[in-house]
Structure formats: C-alpha cells, structure tokens
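K.L.:
Sequence first, then the predicted structure:
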There are 2 protein chains.
Amino acid sequence: MNTNSRFAVAIHILTLLAYKHGETLTSGYIAGSVTTNPVVIRRILGDLRRADLVVSHPGNGGGWRLTRLPQLITLFDAWTAVKEGTLFTMHHQRPNPECRIGGFIQQALTGFFTEAEAALEAQLVSTTLSDVLARVRAISWPTVDAVLAEHDKVAEK
Amino acid sequence: MNTNSRFAVAIHILTLLAYKHGETLTSGYIAGSVTTNPVVIRRILGDLRRADLVVSHPGNGGGWRLTRLPQLITLFDAWTAVKEGTLFTMHHQRPNPECRIGGFIQQALTGFFTEAEAALEAQLVSTTLSDVLARVRAISWPTVDAVLAEHDKVAEK
DNA sequence: GTCAAACGTAACTCAAACTGTTACGAATGA
DNA sequence: TCATTCGTAACAGTTTGAGTTACGTTTGAC
C-alpha cells in the first residue's frame, strides 16, 4: 500500500540543492548522495524541471540548481512534480453496473478520494525546503556535538 | 504513484454490506458486485475481520455481515484494515551516510511523512459508511428518476 | 575547431507487487 | 450425509519500478 520512492528521492535532491544553494550540482554528484545511478537522478530532475523547480545546464561545467529560494519551494511542489494520476487506485475491473452499489460506487469514491488527497496536499504545502533543511540540521546536531567532544578529548592529551 | 486497489474494493464491500444490513452475504455474491473472483473478496474480508469490522460464518448458509451500524464505521477503519506499512516509500538504497544531507534525510523525511499521512487519516475519519451509502443514493437518484419516468411513459400507453 | 564533460532520453533487465485463478481442507446446517 | 461456504496456500500473468547501458546533443575551456 505504498507510493513509489520518487517523492522521497525528489525531496532528497531538492534538499541537497538547497544545502548547496548557489552552486551547480551534477547528476553524478547528487547520485553519490542518494546512492543510485545518475540516470535515475536525471529522470526525477526532469520532472522537477518541468515543474519549474530547477534548471539544468548541459555541457561542460553544467549541472542543476534551484530556480527559487528554498523557503519558496514546498513539499507540495515536489509532490505535484513527481506524482502521476491520483493517489488512490480504483477497481481494475469495472464493478457490476446492474448492482445498486456497484453501478455508482466508483463515482462516489472519486469524491471521497479527492477530499482525502486534498487534505494530504494541504499538509504538504505547509513544509518548505528550508524546513526540511532545518530538520536535517537539527537531527545532525548531536552528531556534530559528538565530533566536537571527540575533538576536545583528543586536544586534552 | 498509486496505492493498490484494495482500499477501493474494501469500501465497496463494506458499502454493500451496509446496504444489505442485517443480511448475510457470501463472498460469491459480493464478487458479483465487484466483478472479481471470490477469493479476492475473501482476502480483503479477512483483513476487515481482523480489524473487527465484519464477522464471517463458514458452512452452509454462511457468509459475512458488519459488526456494527454503518454510521459507526469510517473510511479510516477500512484504510487501517487494508493498509500495510506506511504510505510513502523511502529510498530503496540507503543514502550516503558520509553526506551531510544523505546521512540524515530519511530520519527527517519520516517526520514529515508521518504528519502528511496523519492529515490524510484525519480526513478519512470524518466519513462513515452511511455517508458513502448516502452519496451512492444521491448519485443514483437521477437514474431512478429516469426509470420512473420511463415507467410513467409506458403506463400512459 | 577540438575535446572532455554533462545533459536528455530511449531501451533493456531484473525484482517486486498485485490481481486473478485453482485447489483443497475445515466448518456448518439442512 | 452432503452441498455450501469459508480460509488459505500456491501459482501464473501482468504491471510497475529501479537500475543500467548506450548514444546523440550541448557546452565551455583550451
């Protein structure tokens, strides 16, 4: 009962571009952070480019960068860029049109599914790349502290 | 970027049981409305039974019925019954732990994904089987009107 | 102008997930 | 006793997705 992993990878890519804001990153470099093939990265970056979130420059010295400041890009933007169709899948076979329920259930479900997806997307709008970057930093903080503590311990000797 | 169709089928099944409330329906009968194999229906009904939404009776004259009134079963109940794991999928490969972003992005994403899924589920809580049944009836109303109109036309002759 | 670097995209492979199907034992009521 | 129905395992065919290879195009440095 899952979506594919493109949304997670898309956010990863965008967060990396936000972290290195101002620099031009290659798909090879990004692939090194995501641990995958550069083509996989370029595919998703293609979606993000079509959504006007990033720009690419081919050729020597080329690569990718954000089109706007990280605080102006939301998770909803990334979601819209990589999602295809609707979140919920209908029956594969069309239900029995002779049935009082089967004949109308899909039309009814479409409404409820749209409402649920809208609630999801409303939540995604409220988070920006800056928020993601801030949370990554907050999580990595203890690790940095540990590094500094280790540094001090070595310095004592 | 889809979930599987079990959620849609589960709601279909539950709505049918709500429509025929009080009766015991067989997986074969339900399969006739959904237009699929009875085993597919029994698989999903098994999930719904584990979630205490339906009860089954094996043997001759057996079948399925709801454990509560339709207005006491929500789409969230159905969702919880058939969903497996989380809605959003993480990277298949673990990101590069040496990277300042890759090392922490999944932990950060887990938080945002949980929030988004919670928003989705909050919306699902607000809809009951009675609501679904009411919408099916509202949609089918024009059709019933058409049938009655046809009936009147025939009666005139 | 030449060339190395990087994008853009098509084509392919392998694995996983899902639906549908068959099969068969267990339970049940007539 | 027996037909009916659940419960579940096992399997096939299809679809989807990630990863990979390949190759043409674009670009900047020299």
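P.N.:
Sure thing, it's come through.
K.L.:
When you work out contacts or count neighbours from here on, use the C-alpha atoms and nothing else.
P.N.:
Noted.
K.L.:
Please identify the helix or strand for A:W64.
P.N.:
strand A:63-66 (DSSP states H and E).
K.L.:
does DNA strand C sit close to that strand?
P.N.:
Yes: interface with DNA strand C: strand A:63-66 contributes A:G63, A:W64 (C-alpha under 7 Å from any atom of the strand).
K.L.:
Just the mean pLDDT for the helix or strand just after that strand, thanks.
P.N.:
Per DSSP H and E, the first helix or strand lying C-terminal to strand A:63-66 is helix A:75-82. The average pLDDT within helix A:75-82 is 98.
K.L.:
just for chain A, where's the confidence low?
P.N.:
A:143-157 (pLDDT under 70).
K.L.:
make it 90
P.N.:
For chain A, the stretches with pLDDT under 90 are A:1-3, A:141-157.
K.L.:
ok so, going back, the strand holding A:W64 and DNA strand D, are they touching?
P.N.:
No: Strand A:63-66 stays clear of DNA strand D (C-alpha under 7 Å from any atom of the strand), getting no nearer than 10.1 Å.
K.L.:
what packs against that strand?
P.N.:
helix A:6-19, strand A:54-57 (3 or more C-alpha pairs under 8 Å, 6 or more residues apart in numbering or on different chains; DSSP states H and E).
K.L.:
nearest to A:F88, of these?
P.N.:
Each of the helices and strands packed on strand A:63-66 has some distance to A:F88 by C-alpha to C-alpha; the shortest is helix A:6-19, at 15.8 Å.
K.L.:
name the helices or strands packed onto the closest one?
P.N.:
Against helix A:6-19 (3+ C-alpha pairs under 8 Å, 6+ apart) you get helix A:27-34, helix A:38-50, strand A:63-66, helix A:75-82, helix A:129-156.
K.L.:
swap the cut-off to 7 Å and go again
P.N.:
helix A:75-82, helix A:129-156 (3 or more C-alpha pairs under 7 Å, 6 or more residues apart in numbering or on different chains; DSSP states H and E).
K.L.:
Run the angle between the helix or strand containing A:A118 and helix B:105-125 for me.
P.N.:
Taking DSSP H and E as the definition, A:A118 sits inside helix A:105-125. Angle of helix A:105-125 versus helix B:105-125, following axes from the mean of the first three to the mean of the last three C-alpha atoms, to 10 degrees, is 140 degrees.
K.L.:
Can you check what angle separates helix A:105-125 from helix B:75-82?
P.N.:
Going by the same axes, to 10 degrees, helix A:105-125 makes 90 degrees with helix B:75-82.
K.L.:
Mind listing what's buried along helix A:105-125?
P.N.:
Neighbour-count burial for helix A:105-125 flags A:105-106, A:108-110, A:112-113, A:116-117, A:119-121, A:123-125 (criterion: 16 or more other C-alpha atoms under 10 Å in any protein chain shown).
K.L.:
Run through who's touching the strand holding A:W64.
P.N.:
A:L17, A:E23, A:T24, A:L25, A:T26, A:S27, A:L53, A:V54, A:V55, A:S56, A:H57 (C-alpha atoms under 7 Å, 6 or more residues apart in numbering or on different chains).
K.L.:
let's see it at 8 Å
P.N.:
Contacts of strand A:63-66 with the rest of the structure, by C-alpha atoms under 8 Å, 6 or more residues apart in numbering or on different chains, involve A:14, A:17-18, A:21-27, A:53-57.
K.L.:
Buried among the residues you listed? Need that as a selection in ChimeraX.
P.N.:
In ChimeraX, a selection of the buried entries from the contacts of strand A:63-66 looks like this (16+ other C-alpha under 10 Å):
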select /A:14,17,18,21,24,25,26,27,53,54,55,56
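K.L.:
Tell me which two of the contacts of strand A:63-66 sit farthest apart.
P.N.:
Of all pairs in the contacts of strand A:63-66, the most separated under C-alpha to C-alpha is A:A18 and A:H57 at 17.3 Å.
K.L.:
can the helix holding A:A118 be found next to chain B?
P.N.:
Yes: for helix A:105-125 and chain B, the contact criterion (C-alpha under 8 Å from any C-alpha of the partner chain) is met by A:I105, A:Q107, A:A108, A:L109, A:E115, A:A116, A:E117, A:A119, A:L120, A:E121, A:Q123, A:L124.
K.L.:
Just the CA atoms of stretch A:45-62, as CSV, please.
P.N.:
The C-alpha trace of stretch A:45-62 is given here as CSV (Å, rounded to 0.1, in the frame of the first residue of the first chain):
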residue,chain,number,x,y,z
LEU,A,45,15.3,16.1,-12.1
GLY,A,46,13.5,16.2,-15.4
ASP,A,47,10.1,16.1,-13.6
LEU,A,48,11.3,18.8,-11.3
ARG,A,49,12.4,20.9,-14.2
ARG,A,50,9.1,20.5,-15.9
ALA,A,51,7.6,21.9,-12.7
ASP,A,52,9.9,24.8,-12.8
LEU,A,53,11.6,24.0,-9.6
VAL,A,54,15.1,23.5,-11.0
VAL,A,55,17.0,24.5,-14.2
SER,A,56,19.7,22.4,-15.9
HIS,A,57,22.7,23.4,-18.0
PRO,A,58,24.1,20.8,-20.3
GLY,A,59,27.7,20.6,-21.4
ASN,A,60,31.0,21.0,-19.7
GLY,A,61,30.6,22.7,-16.3
GLY,A,62,26.9,22.1,-16.4
